[in-house]
Structure formats: C-alpha cells, structure tokens
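Colleague: Fold the following and give me the result.
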Amino acid sequence: MSTSERATPDVALDGGGDRVEGLIALAEAVLPTLRLDSGLYCFDRSFRSLEPRGESVRYSIMVLLGALRRTAHGGVPPVDVEGLHHAIARRRDTLGVGDLGLLLWAEARMGTGSADLTLARLERRSADAAAIAHLEGMEVAWFVLGAAAATAAGLPARDLFTTAFDHLGTRRSPSSSLFRHTGRARGRALLPNFATQIYTLLALAESARHGLRPEAAGQARALADTLIALRLPDAAWPWLFHADRATVVEPYEIYSVHQDAMAPMALFALAEVTGDPAYARAAREGLDWCFGRNELGFRFYDPVNAFAHRSIRRRGWAHRANLWANAALGGTLGLTTRTDLGDVEVNATCRPYHLGWVLEAWSGRQDPGAGPPS
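Modeller: Numbers count the residues shown, from 1 in each chain. Okay, the predicted model is just below:
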C-alpha cells in the first residue's frame with residue numbers, strides 16, 4: 001500500500017474526548033497497514049518504509065483482544081475477528097505459556113469451542129514448575145489473565161488459575177509492592193521492567209474483579225500506588241526498576257504504548273474494581289506525554305502517514321551504556337544515583353500490538369471526565 005493509497009483517518013487528536021476518539025480512530029486506520037498476507041500481523045514497520053517486517057503471533061493475539069473489546073462496546077473492529085482467530089489458531093502448537101494465556105483470554109471472550117484446545121495445551125505446557133519460574137513477569141501475568149478469563153467464562157480452569165496466581169505471588173518482592181522479573185531471588189530477577197509491573201497489575205485487578213482472589217485488589221492498589229509514586233515529572237512511566245528497593249534504575253526507553261494503552265488498561269481495571277477514580281485519573285494523565293508533553297516536545301501520532309511512533313530512547317551507544325551502567329549501580333551496588341550519558345531520540349517504528357492495546361484500553365472508556373470507567 002503506497003502512502004497515497006492510505007486512508008487518512010478522521011482523527012481529532014486534540015482536546016478532551018475528541019482526542020481519545022481520535023486515538024481509537026488512528027488505531028483502526030493503522031492496523032490494516034500492518035497485516036500480512038498470512039492473516040497475521042507483522043512484528044513492526046519503520047517510518048521510512050511501507051513494508052512490514054517479520055511476523056508475530058503474539059502481537060496478532062493482542063490485536064484480536066483489542067478488536068473483541070471494540071466490538072463489545074459497539075464499535076466496528078478494524079479486522080475480521082474470525083479470520084484473525086483462525087490464522088492464530090493454526091499456530092497454537094508453537095505457543096509458549098504466556099502466549100497461550102493471551103489466546104485463552106481472547107477465546108474466553110469469543111465463547112469459541114477452540115478455548116478447550118488452548119486450555120488443554122496450556123495445562124500441559126505449564127506443568128513444569130521449573131520452566132514457569134524462568135518465565136518473564138509479563139508472561140506469568142498473561143498466564144493468570146488467561147486462566148482467570150477462562151474460569152470466569154465457565155471453563156474448567158480453576159485449578160490452572162490457582163497454579164498461575166500462586167506462582168505470581170512468589171514473584172512479589174518481600175520488601176516492596178513491586179514484582180520480580182523472574183522466579184529467582186537475584187540478578188536480573190531483581191530488575192523488572194515496566195511491562196512486568198503493569199501486566200501484573202492488570203492480572204491482579206482482573207483476578208479480584210472475577211471474584212477469584214478478592215485479596216488481589218489490595219495487592220493491586222499497593223503496586224499501582226508505588227508505580228504512580230515512581231513516575232517521572234512529566235508523568236512518563238520509566239522502564240527499569242529495582243524490585244526490592246522500589247527505585248527506578250533506568251528510565252529509558254519510555255514507550256508510547258505504556259503511556260496511551262498499557263498503563264490505562266491496567267489502571268482503568270483497578271478503578272473498576274476499587275471504585276477509586278484516582279487510578280483512572282493517573283491513566284489519563286500519562287496520555288499527555290504522547291501529545292508533546294515530553295522532553296523532545298514530540299507528538300507520537302501521525303494520522304497522515306497512519307503511524308504511531310514507538311518510544312523515546314537514548315541515542316546510539318548511550319542506549320546500552322546507560323542501561324548496563326545503571327543496572328550495575330542500582331542493582332549490584334545499590335546506589336540511587338544514575339548515569340545520564342548521551343542524547344535521546346525518537347524510535348520511529350510502529351508495532352501492531354500498540355494499536356490493539358489502544359482499543360483494549362479505551363473502548364468503552366472514552367469520556368475523559370468520567371470516574372471509574374464501566
């Protein structure tokens with residue numbers, strides 16, 4: 001598809017509710033440009049090229065989840081849901097525990113008989129406790145989310161949910177409300193990223209919402225309060241934490257998907273469970289970052305070119321240098337000071353899961369003045 005062939009979305013990306021509606025419209029316009037002939041979605045696309053790169057079943061499932069929520073709230077999904085599910089299901093046997101959790105979550109929403117196949121495979125793949133301990137935090141959260149959704153939908157997944165949730169509990173730091181990156185007690189396990197925290201927050205909120213673990217609401221509150229306290233001055237969500245010390249180790253990369261989708265979907269879920277509008281407000285506050293309230297004054301959305309830029313990152317060599325130096329200072333040595341070498345730049349790539357999560361976060365939650373969304 002050439003630039004001239006793209007349909008420019010009717011996007012009002014300024015001011016109040018129109019801005020959120022515009023963001024949803026942008027997501028719906030960008031997603032068709034990222035779909036492959038296989039029926040799945042690509043891994044990413046560069047702003048400099050029209051050609052999508054790679055293929056991602058994981059990102060395709062995330063788009064499916066967003067499209068399903070959009071449909072449930074009266075919208076027209078930007079993809080044939082049944083066709084996308086069929087393309088994903090053909091790859092079911094290649095999926096690991098985390099991705100099977102995502103797929104089970106989606107199929108529980110669909111009410112499809114395919115959920116039985118996914119549930120059975122997830123039970124087999126998750127039987128190895130040692131393997132589960134090596135999963136990244138976000139994958140454990142997806143495991144919980146899938147099992148919780150399946151249980152709530154009436155599938156025989158209660159034991160699976162118990163296994164998943166109980167393991168998630170072992171990831172919580174003994175000295176803070178943050179969660180560790182893996183099931184170990186040292187090394188990288190102590191340096192979780194924002195994805196581990198925010199997907200865990202969503203898993204806790206959903207476990208409480210379904211009535212499966214009511215105590216999870218309190219754990220989710222404590223985690224959310226810590227994350228909000230650790231936000232940067234411009235309401236940006238930093239990237240790398242020390243779980244036991246509850247400190248920021250390295251702020252970059254700062255991702256637009258965290259600001260406009262992942263943090264909102266988790267914080268809105270928590271607002272729904274607790275009835276506390278402060279969490280919904282925190283979700284909406286982070287959105288301004290994507291509209292230029294960031295250190296570069298950069299707006300991440302380009303409706304004309306149907307593109308949503310990915311992040312602000314350190315430029316070139318400074319990206320790895322600061323990451324490793326700050327991980328050593330904050331992780332190994334326990335220092336609170338950080339290196340801050342080099343300039344920052346925009347990561348001009350676009351990934352389809354970003355747009356899928358925009359639909360998941362905001363469908364049915366467009367009113368910026370609302371309290372806890374429904």
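Colleague: Could you use CA atoms for every contact and neighbour count after this?
Modeller: OK.
Colleague: Can you report how many residues lie near Ala127?
Modeller: 12 (other C-alpha atoms under 10 Å).
Colleague: Sorry, wrong one. I was asking about Ala141.
Modeller: Around Ala141 sit 29 other residues, with neighbours defined as other C-alpha under 10 Å.
Colleague: Distance-wise, check it relative to Tyr252.
Modeller: To Tyr252, Ala141 is 23 Å away according to C-alpha to C-alpha, to the nearest Å.
Colleague: Check Leu240 too.
Modeller: Distance from Leu240 to Tyr252, by C-alpha to C-alpha: 8 Å.
Colleague: again with Thr162
Modeller: Thr162 is 35 Å from Tyr252, by C-alpha to C-alpha.
Colleague: tell me the secondary structure for the most centrally placed residue in the chain?
Modeller: By C-alpha atoms, centre = their mean, the chain has its centre lying nearest to Met262, at 4.0 Å. At Met262 the chain is in helix, as set by DSSP: H, G, I helix; E, B strand; the rest coil.
Colleague: what pLDDT does it get?
Modeller: pLDDT recorded at Met262 is 98.
Colleague: Could I get the contacting residues of it?
Modeller: By C-alpha atoms under 8 Å, 6 or more residues apart in numbering, the contact set of Met262 is 198-199, 357-358, 361.
Colleague: Equivalent analysis for Ala361, please.
Modeller: 66, 261-262, 264-265, 268.
Colleague: Next: Leu202.
Modeller: So Leu202 contacts 141, 145, 220, 265-267, 269-270 (C-alpha under 8 Å, 6+ apart).
Colleague: how far away is the residue nearest to the centre of the chain from Tyr353?
Modeller: Counting by C-alpha to C-alpha, the gap from Met262 to Tyr353 is 10 Å.
Colleague: Mind jotting down where the strands sit in the stretch 101-250 of the chain?
Modeller: Using DSSP state E, counting those that start in this stretch, the strands of the stretch 101-250 of the chain run over residues 240-242, 247-250.
Colleague: Save these as a markdown table, and put in mean neighbour count too.
Modeller: Output for the strands of the stretch 101-250 of the chain, formatted as a markdown table (neighbours: other C-alpha atoms under 10 Å):
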| stretch | mean neighbour count |
| --- | --- |
| strand 240-242 | 26 |
| strand 247-250 | 26 |
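Colleague: With Ala208 as the reference, name the closest of the ones you listed.
Modeller: Closest to Ala208 of the strands of the stretch 101-250 of the chain is strand 240-242 (C-alpha to C-alpha; 25.2 Å).
Colleague: mind checking the backbone torsions on Arg45?
Modeller: phi -140, psi 140 (degrees, to the nearest 10).
Colleague: so it makes contact with Glu55?
Modeller: No. Contact criterion C-alpha atoms under 8 Å: Arg45 and Glu55 do not qualify, at 10.7 Å.
Colleague: Would you mind writing the CA trace of whichever strand or helix holds His354 as PDB?
Modeller: Using DSSP states H and E, His354 sits in helix 352-362. The C-alpha trace of helix 352-362 is given here as PDB (Å, rounded to 0.1, in the frame of the first residue of the first chain):
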ATOM      1  CA  PRO A 352       0.700  -3.700  15.900                       C
ATOM      2  CA  TYR A 353       0.200  -4.700  19.500                       C
ATOM      3  CA  HIS A 354       0.400  -1.000  20.400                       C
ATOM      4  CA  LEU A 355      -2.800  -0.300  18.400                       C
ATOM      5  CA  GLY A 356      -4.500  -3.400  19.700                       C
ATOM      6  CA  TRP A 357      -3.900  -2.300  23.200                       C
ATOM      7  CA  VAL A 358      -5.200   1.200  22.400                       C
ATOM      8  CA  LEU A 359      -8.500  -0.500  21.500                       C
ATOM      9  CA  GLU A 360      -8.400  -2.600  24.700                       C
ATOM     10  CA  ALA A 361      -7.600   0.300  26.900                       C
ATOM     11  CA  TRP A 362     -10.100   2.900  25.700                       C
END
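Colleague: Quick check: which ranges of this structure have low pLDDT?
Modeller: For the chain, the stretches flagged by pLDDT under 70 are 1-17, 186, 316-342, 367-374.
Colleague: if you set the cut-off to 50 instead, what comes out?
Modeller: 1-10, 15-16, 333, 341, 368-374 (pLDDT under 50).
Colleague: For Ala243, which residues are in contact?
Modeller: 173, 176-180, 190-192.
Colleague: same thing but 6 Å
Modeller: Residues in contact with Ala243 (C-alpha atoms under 6 Å, 6 or more residues apart in numbering) are 178-180, 190.
Colleague: about what we covered before: looking at the contacts of Met262, which one is closest to Thr118?
Modeller: Taking those together and measuring to Thr118 by C-alpha to C-alpha, the closest member is Tyr199, at 20.6 Å.
Colleague: ok, the closest one to Ala89 distance?
Modeller: For Tyr199, the distance to Ala89 - C-alpha to C-alpha - is 23 Å.
Colleague: the more surrounded of the two?
Modeller: With neighbours defined as other C-alpha under 10 Å, Tyr199 and Ala89 compare such that Tyr199 has more, 23 against 18.
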